[in-house]
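In: How does the following fold in three dimensions:
(one chain, ligands or ions: 1)
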Amino acid sequence: MSQKKVEGSPSLQSIKSLPVDFRIAGYSTSDRIMLSNTISENVEFSSDAAQETTNGRSKLGSDNDESPYGSLVMSAKNETSLGDEDGDVKAVETPKQTSKQLHVDSKWSDTTPYASKKKLQSWFQLPDGNWELGTILRTSGNESLISMSEGKVLNINSETLVPANPDILDGVDDLMQLSYLNEPSVLYNLQYRYNRDMIYTKAGPVLIAINPFKKVSLYGSDYVEAYKLKSDESPHVYAITDTAMREMIRDEVNQSIIISGESGAGKTETAKIAMQYLAALGGGSGIEYEILKTNPILEAFGNAKTLRNDNSSRFGKLIEIHFSETGKISGAKIQTCKIYLLAVFMYSPELFNLRREKGHIISFISCVLELHKSLEKN
Ligand SMILES: Nc1ncnc2c1ncn2[C@@H]1O[C@H](COP(=O)(O)OP(=O)(O)OP(=O)(O)O)[C@@H](O)[C@H]1O
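Out: Residues are numbered from 1 along each chain as shown. Sure, this is the predicted structure:
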């Protein structure tokens with residue numbers, strides 16, 4: 001949920017963040033990625049290839065000798081090393097291949113990874129952890145020649161290629177709709193939506209929320225009304241809360257919504273948004289507003305400024321909201337969680353299957369990471 005980049009792992013922001021003057025000198029490359037000097041020496045080849053990539057996407061699907069890339073491959077000069085003799089960057093010797101050899105490679109090489117076999121647009125991970133999208137120009141043995149957006153060409157170990165989804169699936173609102181469900185595709189989809197202020201995305205029954213750190217026009221009475229009437233079905237905290245409410249009334253079973261994420265991810269705000277929706281649905285007596293008013297009091301005692309969050313909750317919270325049989329809010333109980341309780345909640349699933357009671361309960365548990373915080377503190 002948070003935008004904060006975690007060292008060493010690809011972040012949302014880094015997914016397409018290869019700088020224009022990217023060089024891999026300085027990285028200790030293994031056989032995962034090799035940069036050919038076609039960038040400087042074989043400019044003709046690189047730019048032609050990139051041109052073909054942009055103008056003739058459909059041709060990429062062909063997996064035979066008639067591929068436009070077949071002739072490019074034949075005319076490509078041998079690629080040599082950018083690196084030093086220590087082997088920091090390996091030499092890329094690409095022997096000229098006859099069209100017959102290529103044919104044999106593509107037809108009979110069963111070990112070719114799926115992405116390169118199908119000449120799909122593919123993701124590959126750079127040594128710094130960033131993901132980059134490229135188009136496969138040719139595959140030979142274990143290596144694939146990839147064209148990138150700036151016209152650069154890289155020689156990549158085919159096994160590290162991860163298939164990318166077709167453009168038509170950009171920004172789908174449920175990750176389950178992606179044809180290829182892999183890490184870069186998930187990150188790309190979330191980033192695509194986030195850039196358009198669509199901070200909520202579904203992953204099956206789970207709602208992923210990315211903290212916008214700005215005011216987004218996704219809340220308020222119009223939205224409450226739309227989710228209540230089900231005229232808006234895009235992913236939202238309101239939709240999750242609405243489902244919990246309906247299922248509680250229909251099945252007469254207590255419901256739990258677990259809000260989890262790192263510090264500053266937006267758990268507390270998300271819990272408040274859900275409570276506002278419940279207040280709008282199950283209100284009447286005014287008690288719902290009393291419940292909401294407890295937030296600033298709790299925050300005054302239990303929150304502190306940290307490096308990650310100016311208003312960080314320093315304890316976990318278990319909020320129970322009690323409803324009458326007609327679905328009106330009748331009361332609430334707010335508990336702050338200590339480390340032992342958290343461990344119990346994390347490992348005792350039966351606690352979530354609370355027995356049927358006269359008044360039903362929806363509980364919000366926003367304390368999973370408090371365990372980590374407490375461990376850090378002690
Ligand atoms: N939906 C949202 N819209 C706009 N801003 C948000 C939203 N969610 C969170 N924020 C911003 O992010 C800040 C941090 O959110 P919040 O305090 O809810 O994080 P948290 O996950 O509860 O953090 P901690 O675990 O440290 O308590 C908020 O003060 C607010 O500025």
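
In: residue ranges for the helices of the stretch 201-350 of the chain, please.
Out: With DSSP state H, counting those that start in this stretch as the criterion, the stretch 201-350 of the chain has helices at 221-228, 237-251, 267-282, 287-302, 339-347.

In: Let me know the secondary structure of the closest residue to residue 171 other than its chain neighbours.
Out: The shortest distance from residue 171 to any non-neighbouring residue, by C-beta to C-beta, 6 or more residues apart in numbering, is to residue 192 (4.5 Å). No exception for glycine: its C-beta is placed from N, CA and C like everyone else's. Of the three states, residue 192 takes helix according to DSSP: H, G, I helix; E, B strand; the rest coil.

In: And residue 192, how far from residue 185?
Out: Using C-beta to C-beta, to the nearest Å, residue 192 is found at 10 Å from residue 185.

In: Which of these two has more residues huddled nearby?
Out: A direct count of neighbours by other C-beta atoms under 10 Å for residue 192 and residue 185 places residue 185 higher, at 21 against 17.

In: Can you name the residues that contact the more buried one?
Out: 123, 162, 164-165, 178 (C-beta atoms under 8 Å, 6 or more residues apart in numbering).

In: Please convert the residues you listed to CSV, extending it with distance to residue 244 and neighbour count.
Out: Listed next are the contacts of residue 185 as CSV, based on distance: C-beta to C-beta, whole Å; neighbours: other C-beta atoms under 10 Å:
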residue, distance to residue 244, neighbour count
123, 36, 26
162, 35, 18
164, 35, 24
165, 31, 21
178, 26, 18
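
In: Inside strands: which ones of those residues?
Out: The strands, defined by DSSP state E, take in 123, 162 from these.

In: Out of the contacts of residue 185, which is nearest to the ligand?
Out: residue 178 (24.4 Å; C-beta to the nearest ligand atom).

In: right, and the helices of the stretch 201-350 of the chain - which one's nearest residue 202?
Out: If you check each of those against residue 202 by C-beta to C-beta, helix 237-251 wins as the nearest, at 8.7 Å.

In: Can you list the helices and strands that that closest one packs against?
Out: In terms of contacts (3 or more C-beta pairs under 8 Å, 6 or more residues apart in numbering; DSSP states H and E), helix 237-251 is packed against strand 206-209, helix 221-228, strand 255-258, helix 267-282, strand 360-365.

In: So which bits of that helix are buried?
Out: Neighbour counts over helix 237-251 (16 or more other C-beta atoms under 10 Å) mark 237-242, 244-245, 248-249 as buried.

In: Okay, and the beta partners of residue 303?
Out: Counting by DSSP bridges, residue 303 is bridged to residue 313.

In: for residue 124, that is, sorry about that
Out: If you apply DSSP bridges, the partners that residue 124 bridges to are residue 132.

In: so it touches residue 132, yeah?
Out: Yes: taking C-beta atoms under 8 Å as the definition, residue 124 is a contact partner of residue 132 at 6.0 Å.
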